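Participant: sequence and predicted structure are below.
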Amino acid sequence: MASDNDSTADAAPDLQIRGDEITLQPSGLVEPKEREKEHALMKNAVRFRSDPLQFLREVSLYVSGKGWRAYDNIIGQPMFYQGFSENMKNLVLSAPLLQSRIAELAEKRIAVEEKEGLLNKDDPNYALKRVRRRSELEAGIQQVADKLTDNMICKFESKAFIRGAYYLCTQLTLRAYHQGIHVSSEEVVRLRRVAEIAQKKKQSIVFLPCHRSHVDYVSLQVICYRLGLSLPTVVAGDNLNFPIVGSFLQHAGAMWIRRSFGDDPLYTTLVQSYIDTMLQNGFNFECFIEGGRSRTGKLLPPKFGILSFVLDSLLSGRVEDAIICPVSTQYDKVIETEGYVTELLGVPKKKENLADFLTDGSSALSLRLGRVDVRFHEPWSLREYINDHFTRVGVKPDEFKLEVKTAVNSAIRQKLLRSLGYRVLSDINEVSVVMPTALIGTVLLTLRGRGVGKGELIRRVDWLTCRVRAKGGRVAHFGNAPLSDIVDRGLDVLGKDLVGVVEGLPEPTYYAVDRFQLSFYRNMTIHLFVSEAIVSAAMYTRIKRGGGPAIQDIAYKELFDQVLFLSTLFRGEFIFHGEGITVNLEKTLLGLEADNVIRLGRDESGAIVKVGLSDDERRAGRENYDFYCFLIWPFIEASWLSAVSLLGLSPAADEKEDVWIEVAKAQNSAQLLGKTLYHQGDLSYFEAVNKETIKNSFRRFEEEGILQVVSSKNPKVPPRLRLSPEWRLPRDPADGSLLASGPLWDFTEKIASCRREGKNRRDGATVSTRVLGLADTLGRELLEEAKDDKKNVPHRLSEEDAKVFEKKAKGAKPRRSLAVRANL
């Protein structure tokens, strides 16, 4: 994949970890012929049936702890000794923060008992009884805290266990990912240096990886073990804490937390105390910045739960500093993608259990999924980041007091937390490598034709590789292997279920079999080109009209407005640069001009006044311009679909009270609408019915005030929504049908102006008749179903919920202009 101007030719070599072997693999490495075959890479994964003596020898080395397997001289704080768990539990339970919370909860309970007359203030022995009762309450709460802590903390007790766990995990991982785990030697050396300094200062390294697979935390633990770094404690949802597997993971480093804390001050304080304890004592720590696994292949917006605990540890002064290390984990193929597809199409996620774990695990052993690439961003000081942020916003770090609960302090903390989350995501994108499967998937899903010949596929992969590197991205190292071999390897890993081939033609012709699943791999590259994609989609509002260049050229002001609209629409979908829309738009236009995709018309002062396709791009059949459009069109379709689904939520004219609909049911209805429109030809991309993308669209519509959402204090009542009154469509007085007018209609049409042209999508007539009628039908069904479901999910707000909603509405800040909020 290397070319004459390949910037990676002089890059630091990869380290390939294959069980016992660690091999240098620089981008220009020339390996002996006998090592070029894939089966040679499996020599370390010895099987009992094929070589029982070697298998037993290898197991004995781990049991006895020979050489590096002993895991004795690790970089980090002492662990794996008898009593480690008990010591950690005692530190957590004796934390002043937790003890203060226990005393506070006991005092609140006493106040309730006094109010209810259970403690009589007129009793001569009142003071003594109060002290005894408080002592009883504190002891009871302490017992609860003790049990919760024991269930939560990781239990690094035995080196023999961890050696066995490492051996087992390595064997299982390498059976599935037969080409091993790859890391950058330069990054590993740098990480070890940072770890040595952190060890001396008794500081923790907080690993913040992206999350695409359960293999993520396994691969990071394997790397740390093999390279002699202290294993991090991994934050894990307690949905994985099922019999046998849960105990194994807890002793291998898992810290179990609830998926939702609810209104439980004791549990919240307990989690904070545990995180404080780890950071105070310099134990490494790992949590996933996105929260759950990404089912779409691209980075998700940051989840601030655990990150807020880490931040508060420093803001409170309980912890001096911690080292942040963003981590990117990329795969040739992700084991769970088939399961992701069923979830994204609306099939409820199954609860984890031992039977499925064993079944899925055993089936994965026979797979050949290529390799795993793990990259570490340069670690940085969280304390320095906090101080720099305070300086930028004009706050003196010494004067900020976390315990002072004011609106100003809350706003400062929230802005810092959000800034921190997106900084980590940006760092992850910066070090991520693009795998051959992602290149192939992207090419196959950005073609106009049904398929592509082998030669053309290789040419477009080569072009995309160059574009990735020109954008500052990285492409995985594959030595000096020719590009054709790398493409063959990627096609083999993807398999016939994702990519089909038509034989018997002058050349093999490849086509996408499962576009929905293949979109997972395309989305691994989209973050590099999102600015170009949005600009191209904005230009398409003119280009779709056809005609000559004069007709298709777009004025800069018109382009700016459309780019502003799209970038705001996708603010929660993609990670944008933070320089502001004007700067980033100009950079993007100049980059596209340099690549000869567009031509810019300028006035006498040099300012851009109009934009159009270049002559060379027209002669090339718009292949590069179309590439950018094809990247963003499925997301535009999903936003359009979500907006159309809301049209039918406009109540009938005779409806006296608003009907509140369960959010999940409204999103399911949008999916059903999308599937119908796809099969009827009104929707171009089946990926547009992606559940996660529809959820993101609904969240954006809520932020824009199009939707109003209320969450009940009753945990049994799920979140409900209604269409904001000012966004509702009018209805025909005669027959009650929806009329194609109003702000929501205009909003939907503005999204539609960037949609891919095609049959049934040439103008708004289709939407204003058949599509609008279908949305109305589904909307009426939703409203009627909500009215009938009076027992489970009430369609009216309770008095308490109404007050909460009214308070939320009054406290909402006026929405700023699009120009201020857009981040492209």
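Facilitator: Now that the structure is in, tell me what you want to look at. In this text, all values refer to a predicted model and were calculated from it rather than measured experimentally.

Participant: the bottom helix or strand of this structure by mean pLDDT?
Facilitator: Sorting the helices and strands of the chain by mean pLDDT, DSSP states H and E puts helix 818-821 at the bottom, at a mean of 40.

Participant: list the contacts of the nearest residue to Gly76 once chain neighbours are set aside.
Facilitator: Nearest residue to Gly76 in three dimensions, chain neighbours excluded: Ser230, at 2.3 Å (CB to CB, 6 or more residues apart in numbering). All C-beta spots, glycine's among them, are computed from the backbone N, C-alpha and C. Contacts for Ser230 (CB atoms under 8 Å, 6 or more residues apart in numbering) come out as Ile74, Ile75, Gly76, Gln77, Met79, Ala195, Gln199, Cys224, Phe283, Asn284.

Participant: surely the first one touches Gly228?
Facilitator: Put plainly, it is Ile74. Yes: using CB atoms under 8 Å, Ile74 makes contact with Gly228 at a distance of 5.4 Å.

Participant: those two: who's more crowded?
Facilitator: Neighbours per residue (other CB atoms under 10 Å) separate Ile74 from Gly228, with Ile74 holding more: 19 against 15.

Participant: OK, contacts around Gln667?
Facilitator: Gln667 sits next to Lys691, Ile694, Lys695, Phe698 when contact means CB under 8 Å, 6+ apart.

Participant: biggest helix in the protein, by residue count?
Facilitator: Counting by DSSP state H, the longest helix found in the chain is helix 126-152.

Participant: which is the next helix or strand following it?
Facilitator: Using DSSP states H and E, the helix or strand that follows helix 126-152 in sequence is helix 159-176.

Participant: send me that following helix as PDB with only the CA atoms.
Facilitator: Provided in PDB are the C-alpha atoms of helix 159-176 (Å, rounded to 0.1, in the frame of the first residue of the first chain):
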ATOM      1  CA  LYS A 159      -0.500 -13.700  40.100                       C
ATOM      2  CA  ALA A 160      -1.100 -17.400  39.300                       C
ATOM      3  CA  PHE A 161      -4.700 -16.500  38.300                       C
ATOM      4  CA  ILE A 162      -3.700 -13.500  36.200                       C
ATOM      5  CA  ARG A 163      -1.000 -15.600  34.400                       C
ATOM      6  CA  GLY A 164      -3.600 -18.200  33.600                       C
ATOM      7  CA  ALA A 165      -6.200 -15.500  32.600                       C
ATOM      8  CA  TYR A 166      -3.600 -13.900  30.300                       C
ATOM      9  CA  TYR A 167      -2.800 -17.300  28.600                       C
ATOM     10  CA  LEU A 168      -6.500 -18.100  28.100                       C
ATOM     11  CA  CYS A 169      -7.400 -14.700  26.800                       C
ATOM     12  CA  THR A 170      -4.400 -14.600  24.400                       C
ATOM     13  CA  GLN A 171      -5.200 -18.000  23.000                       C
ATOM     14  CA  LEU A 172      -8.900 -17.200  22.500                       C
ATOM     15  CA  THR A 173      -8.100 -13.800  21.000                       C
ATOM     16  CA  LEU A 174      -5.500 -15.200  18.600                       C
ATOM     17  CA  ARG A 175      -7.800 -18.000  17.500                       C
ATOM     18  CA  ALA A 176     -10.200 -15.400  16.200                       C
END
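
Participant: ok, Tyr772 touching Ser741?
Facilitator: Not Tyr; residue 772 is Leu. No: with contacts counted by CB under 8 Å, Leu772 stays clear of Ser741, the gap being 11.0 Å.

Participant: next, show the common contact partners of the two.
Facilitator: By CB under 8 Å, 6+ apart, no residue touches both Leu772 and Ser741.

Participant: more crowded one of those two?
Facilitator: Higher neighbour count among Leu772 and Ser741: Leu772, with 22 against 11, using other CB under 10 Å.
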